[in-house]
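Quick check, what structure comes out for this input:
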Amino acid sequence: MKWFYADAGRQLGPVEDEALDELSRTGVVRGDTLVWHEGMTTWLPYASVRGIPPIPAVMPTAVPGFCSECGRPFPPDQLVTVGNATVCATCKPVYLQRLREGGVAVGPRRYAGFWIRFVARLIDSAILGIIGLLIGLPIAMTASLTPSRIENPSLGLMTGLGGVISLLQFAVQIGYEVFFVSTRGGTPGKLVLGLKIIQADGSPVPAGLAVGRFFGLILSGIILMIGYIMAAFDGQKRALHDRLCETRVIHSR
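Numbering: from 1, shown residues only. Predicted coordinates for the structure are as follows:
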């Protein structure tokens, strides 16, 4: 039997019984779609002449997974499960190397949250404050003991000394950050709390990137600390400087 069916105001067909039923299974022809064949007095809904069509089969959509190392989303066929972690092809060699070195499955990363990083920064600030005091105090005392300046210290001298002390303290800060991050994986404040700074693929942070991250820290601070606060609302606990330099702060133990 040859059938005609209506679609968006158009008459389509003819099609055989099997073809019409297949169109209903795929959702092209629905229960309320008007159909007609020779001998019928009027067009009728498909459901009234052929029965209620089956619900069209919906192909399952692959839900993307996330790499335990870099945190990026990937299709399931681009991820591999190793031990307790699911890693992408880029992170797999680094993860396997850490697995060989540790001898056990290291599992997914645990990203360090805002508050523990805040405490680590307080520890670093205290250390840098002591170092800055040890640098600035001798210079100030030496200048104050100069006979010609005791009675009438000039504004230029005081400004110059302040500038020298500030430059030395800045040099200490950048050296402190770059040295410890690139050689130890974190500043003393972070190391004390069991934290570590890594790149997105799990590799250590080189000195050049550590320099860039230091200036990112400054940027995070001067915009009303918003750069730091971002870590509290990010899935991977990334502050602004982490986003800019593609770094992560994780628990190392």
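
residues contacting the closest residue to residue 6 other than its chain neighbours?
Nearest non-adjacent residue to residue 6, counting by Cβ to Cβ, 6 or more residues apart in numbering: residue 34, 4.3 Å away. (Each C-beta comes from the backbone N, C-alpha and C, glycine too.) Neighbouring residues of residue 34 by Cβ atoms under 8 Å, 6 or more residues apart in numbering: 5-6, 43-46.

For residue 34, name its beta-bridge partners.
residue 45 (DSSP bridges).

Can you add distance to residue 212, pLDDT and neighbour count and give the contacts of residue 34 back as JSON lines?
Below are the contacts of residue 34 laid out as JSON lines (distance: Cβ to Cβ, whole Å; pLDDT from 0 to 100; neighbours: other Cβ atoms under 10 Å):
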{"residue": "5", "distance to residue 212": "64", "pLDDT": "84", "neighbour count": "23"}
{"residue": "6", "distance to residue 212": "65", "pLDDT": "86", "neighbour count": "16"}
{"residue": "43", "distance to residue 212": "71", "pLDDT": "86", "neighbour count": "15"}
{"residue": "44", "distance to residue 212": "72", "pLDDT": "87", "neighbour count": "15"}
{"residue": "45", "distance to residue 212": "67", "pLDDT": "86", "neighbour count": "13"}
{"residue": "46", "distance to residue 212": "65", "pLDDT": "84", "neighbour count": "23"}
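
I'd like the average pLDDT over stretch 195-210.
Here stretch 195-210 scores 89 as its mean pLDDT.

can you pull the buried residues of that stretch?
195-202, 205, 209-210 (16 or more other Cβ atoms under 10 Å).

Of the residues you listed, which pair is most distant in space?
Comparing every pair within these by Cβ to Cβ identifies 195 and 201 as the most remote, at 18.3 Å.

ok, back up a step: for the buried residues of stretch 195-210, which one is nearest residue 238?
residue 200 (9.7 Å).

The closest one and residue 249 touch, don't they?
No: with contact defined as Cβ atoms under 8 Å, residue 200 does not reach residue 249; the gap is 11.9 Å.

can you map out the strands along the stretch 101-250 of the chain?
Along the stretch 101-250 of the chain, counting by DSSP state E, counting those that start in this stretch, strands occupy 195-199, 247-251.

okay, those in TSV with distance to residue 72 next?
Shown next, in TSV, are those (distance: least, Cβ to Cβ, whole Å):
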stretch	distance to residue 72
strand 195-199	13
strand 247-251	12
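
For residue 19, which of those is the nearest?
Among the strands of the stretch 101-250 of the chain, the nearest to residue 19 by Cβ to Cβ is strand 247-251 (56.4 Å).

tell me the mean pLDDT over the closest one?
92.

Quick check: buried residues in that strand?
For strand 247-251, the neighbour count (16+ other Cβ under 10 Å) marks 247-250 as buried.

ok, so of the residues you listed, who is nearest residue 16?
residue 248 (61.1 Å).

The closest one - nearest residue in space that isn't next to it in sequence?
residue 198 (5.6 Å).

so where do the helices sit in this protein?
For the chain, the helices defined by DSSP state H occupy 17-25, 46-50, 92-102, 114-144, 147-150, 155-184, 188-192, 207-222, 226-229, 240-245.

in this protein, which ranges drop under the pLDDT threshold?
Scanning the chain with the threshold set as pLDDT under 70 gives 52-64, 69, 71, 83-84, 97-108, 140, 143-158.

Outline the domain layout of it.
3-50, 65-102, 114-148+155-251 (automatic domain parsing).

Quick one: distance of the second one to the chain centre.
Domain 65-102 has its average C-alpha position 15 Å from the chain's average C-alpha position, going by Cα atoms, centre = their mean, to the nearest Å.

what do you get for stretch 218-236?
The answer for stretch 218-236 is 13 Å, by Cα atoms, centre = their mean.
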